[in-house]
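Participant: What shape does this take:
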Amino acid sequence: MRVGLVQINSQEDRHRNVARAVELIGQAAAQGAQLIALPEYTTFLGRSEVQPQHVEAIDGETAQAFAAAAKRHNVWIHGGSLIERSGQLHKNYNTSLVFNPNGERVAMYRKIHLFDVDIAPGSYRESDSLIPGEDIVTTDINGVRLGLTICFDVRFPELYRTLALAGAKIIAVPAAFTAFTGKDHWEVLLRARAIENQCYIIAPAQWGEHPVGRMCYGRSMIINPWGTVIAQAADGEGVVVANLDMTDLERIRTAVPSLANRRPSVYAQ
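Facilitator: Just a heads-up that it's a prediction; the model follows:
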């Protein structure tokens with residue numbers, strides 16, 4: 001499977017952000033990508049007081065644009081994430097949508113672990129405006145199981161092990177990782193999740209400066225089940241593409257059978 005990652009710098013203009021994402025989807029498709037993945041908060045990344053203007057239904061304008069792009073290019077699209085209307089006052093979901101080459105939505109995942117931290121340059125409280133998801137989600141892409149996560153989820157290995165045990169051979173990690181944590185943790189965490197679960201990690205990321213001084217790390221990357229980075233984006237907007245070899249994945253799982261050698265009866269004590 002050939003996978004393309006879109007690295008973008010989303011701002012407060014949702015229509016501009018989606019148009020740019022669709023443009024970059026076209027670039028990845030032109031390089032032969034069969035599955036194209038976008039970053040977290042593709043539709044909007046800006047001030048909290050502006051965010052309510054960009055909340056959408058899961059079948060809204062953004063979903064329609066990505067569905068049309070999937071059909072136009074005959075590709076699978078992982079739409080990164082958008083801010084999904086929940087029906088609760090001042091609280092919404094951070095949601096990933098996946099579309100097949102017919103433009104049909106085949107999966108939806110709501111971010112389970114919300115980014116509530118105190119780090120430079122200040123505090124982040126996703127729970128002030130978001131509701132955590134409750135469902136662990138996988139979907140099949142041309143017969144290969146894809147597990148869905150978003151950004152801060154990467155710090156919770158139990159989620160990734162659950163996805164691997166559910167059959168995931170690829171796990172998506174769309175992100176808006178801060179530059180402060182990204183320089184030390186981004187690659188380390190992604191490679192760890194790939195190694196311990198012996199799966200491909202595809203991690204499209206936001207890059208650059210966003211309103212109120214937020215800086216995102218970028219460095220979108222694809223990592224193989226051995227933990228090797230096989231593709232990585234440079235600074236700036238753009239796409240990166242690589243081939244995923246499921247035969248190689250099975251070889252690694254056979255050579256180092258860590259998933260097969262688990263002892264759940266011991267862990268439960």
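
Participant: so where is the stretch 101-250 of the chain shaky, pLDDT-wise?
Facilitator: In the prediction, the stretch 101-250 of the chain carries residues with pLDDT under 70 at positions 120-122.

Participant: one more time with 90, if that's ok
Facilitator: The stretch 101-250 of the chain contains residues with pLDDT under 90 at 115-129, 212-214.

Participant: What ranges does it have for its strands?
Facilitator: Using DSSP state E, counting those that start in this stretch, the strands of the stretch 101-250 of the chain run over residues 105-110, 116-119, 122-125, 138-141, 144-148, 170-172, 200-203, 207-210, 214-217, 221-223, 229-232, 238-243.

Participant: What are the buried residues along stretch 138-151?
Facilitator: Burial within stretch 138-151, assessed by neighbour count using 16 or more other Cβ atoms under 10 Å, is assigned to 138-139, 141, 144-151. Any C-beta I mention is one placed from the backbone N, CA and C, and that applies to glycine too.

Participant: all helices of the protein, in order?
Facilitator: Counting by DSSP state H, the chain has helices at residues 14-30, 61-73, 157-165, 179-197, 246-255, 264-267.

Participant: so how far is Arg161 from the residue nearest to Ala68 when sequence neighbours are not counted?
Facilitator: Excluding its sequence neighbours, the residue lying closest to Ala68 (Cβ to Cβ, 6 or more residues apart in numbering) is Gly103, at 6.3 Å. Using Cβ to Cβ, to the nearest Å, one gets 33 Å for the distance from Gly103 to Arg161.

Participant: Surely Gln51 and Ile83 touch.
Facilitator: Yes: with contact taken as Cβ atoms under 8 Å, Gln51 and Ile83 are classed as touching, separated by 6.5 Å.

Participant: Fine by me, thanks again.
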